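**Q** model this:
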Amino acid sequence: MSRIFIFAFVLFATLFAVNAAPLEKRETSFPPCPDLPPDAVGLDVKMTPDPFAPGQEETFDIKGTLKNDIITGDLLGIAFINLAEKHPVGGPLIVDICSLPGVTCPIKAGTTFSTTQKYIAPGAEELPKSYAIVIAIEHGNPPDSVALACSAAIFGASEPPAVPADLDFWGFL
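**A** Down below sits the predicted model:
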């Protein structure tokens, strides 16, 4: 009888401990975009809420130390990209970095750049099976633009290399 009591006590204690332990929250990772030019860097991106809520406002905290100066006309873009069709889902957010409040240009290479941007995520009905949230900084205008920084979070891809090799991550700007 005491063995059953001990077994039940251990079982309940284990279930209580497992149930009471907080689940580890997975933070969305924004690694550098594939095939970046040698002078381009990845960005440190945190989004809130995480995971994002379709159709709701997202806040992106973006930081990075670029290898090139940021000058007037350099653009920061945030977009959801359909990986299969290689185009933006909804309208991307595109801003001139030097027009942001509190930013004084030029920002010299090697100096940490930081900004917080708000963006409304596409609704759930607009999102394809596989997509990326791309944060990019570029100099110049297409087709003569140069990537300065790029990071992307991939969603719905079966394996990490499911990103098309010919996808131009900063071409949406």
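
**Q** list the buried residues for the helix or strand hosting Cys150?
**A** When elements are assigned from DSSP states H and E, Cys150 belongs to strand 146-155. Under the neighbour-count criterion of 16 or more other CB atoms under 10 Å, strand 146-155 has Ala147, Leu148, Ala149, Cys150, Ser151, Ala152, Ala153, Ile154, Phe155 buried. C-beta here means a position set from N, CA and C on the backbone, and glycine is covered the same way.

**Q** correct me, but Val95 touches Leu76?
**A** Yes - counting by CB atoms under 8 Å, Val95 touches Leu76, with 5.3 Å between them.

**Q** who touches both of those two?
**A** Gln117 (CB atoms under 8 Å, 6 or more residues apart in numbering).

**Q** compare these two (neighbour count), which wins?
**A** Leu76 (24 against 14; other CB atoms under 10 Å).

**Q** doesn't the more buried one fall inside a helix?
**A** No - using DSSP: H, G, I helix; E, B strand; the rest coil, the secondary structure at Leu76 is strand, not a helix.

**Q** for it, give the beta-bridge partners.
**A** Val95, Ile137 (DSSP bridges).

**Q** any idea how far Leu66 is from it?
**A** Using CB to CB, to the nearest Å, one gets 11 Å for the distance from Leu76 to Leu66.

**Q** give me the common contacts of these two.
**A** Ile137.

**Q** need phi/psi at His139.
**A** phi -110, psi 130 (degrees, to the nearest 10).

**Q** now swap in Ser99 and tell me
**A** Dihedral angles of Ser99 (phi, psi; degrees, to the nearest 10) stand at phi -90, psi 0.

**Q** just give me the neighbour total for it.
**A** Using other CB under 10 Å, the number of residues around Ser99 comes to 10.

**Q** for the strand holding Cys150, packing partners?
**A** strand 44-48, strand 131-139 (3 or more CB pairs under 8 Å, 6 or more residues apart in numbering; DSSP states H and E).

**Q** and those strands, which is most packed in?
**A** Highest mean neighbour count of the helices and strands packed on strand 146-155: strand 131-139, a mean of 24 (counted as mean count of other CB atoms under 10 Å).

**Q** brilliant, that's me finished.
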